[in-house]
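> Give me the fold of what follows.
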Amino acid sequence: MKFSAQEEYGLRCLIQIAKRGEGGSMTIPEISKLEGLTSTHAAKLLMILRKEGYITSARGQSGGYSLAAKPSEIQIGKVLESLGGKLYDDEFCERHSGALDICTHAVDCSVRSLWQVVQKAVDEVVDNLTLADMLVTDKPNVTLFDTRPVAAAK
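Sure thing, here's the model as predicted:
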């Protein structure tokens, strides 16, 4: 399973802005340098984040991009969805029907149930993380799942 480069870099750009603190801002050249992105690529990601309401922009000498809300109010699951969508959604089967208009497994599909379970597990993690959680450390404090071995968890 993969997350797209757009989701990865978009989230990293958002984290860079958040690191500036309340009222802090960053320019496209600053973000692109810190993240190793071209200015064009950084601008594209920032445009998406601005349109979705996560950041605001200001022109001029002291302009740049800043957070539109407190980091604790920005849900990581929503940010990832804005940048690239979900791993599995209701249109998934339509996009992967092969050469036919309708998937040959439209009625009885064991693969669809797998993707639904995977999506639910991902959602349980990213929907309970905020941008503030991502700023605390490189390893967010996620204790949503029992990490004991299977035999001990029962």
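> Point out where the protein drops to low pLDDT.
Applying pLDDT under 70 to the chain flags residues 1-2, 88-110, 137-154.
> Now do the helices in it.
5-18, 28-35, 39-51, 76-84, 92-95, 110-126, 131-136, 150-153 (DSSP state H).
> Would you mind putting the CA coordinates of the third one into CSV?
Pointing back at helix 39-51 there. The C-alpha trace of helix 39-51 is given here as CSV (Å, rounded to 0.1, in the frame of the first residue of the first chain):
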residue,chain,number,x,y,z
SER,A,39,9.0,26.1,-6.1
THR,A,40,6.4,25.0,-8.6
HIS,A,41,5.7,21.8,-6.8
ALA,A,42,5.5,23.6,-3.4
ALA,A,43,3.2,26.2,-4.9
LYS,A,44,0.9,23.5,-6.2
LEU,A,45,0.6,21.8,-2.8
LEU,A,46,0.1,25.1,-1.0
MET,A,47,-2.6,26.1,-3.4
ILE,A,48,-4.5,22.8,-2.5
LEU,A,49,-4.0,23.4,1.2
ARG,A,50,-5.2,27.0,0.8
LYS,A,51,-8.3,26.1,-1.2
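> Please tell me how far that helix is from the chain's geometric centre.
The chain centre lies 14 Å from the centre of helix 39-51; the measure is Cα atoms, centre = their mean, to the nearest Å.
> before we move on, the earlier item: show me the one of the helices of the chain that comes nearest Leu67.
helix 5-18 (5.8 Å; Cβ to Cβ). In short, each C-beta sits where N, CA and C put it, glycine included.
> From the contact counts, what lies against that closest one?
Helix 5-18 is packed against helix 28-35, helix 39-51, strand 64-67, helix 76-84, helix 131-136, with contacts defined by 3 or more Cβ pairs under 8 Å, 6 or more residues apart in numbering; DSSP states H and E.
> Tell me which of these lies nearest to Arg12.
That would be, of the helices and strands packed on helix 5-18 and by Cβ to Cβ, helix 28-35, which comes in at 5.4 Å.
> tell me which residues in that closest one are buried?
Ile28, Glu30, Ile31, Ser32, Glu35 (16 or more other Cβ atoms under 10 Å).
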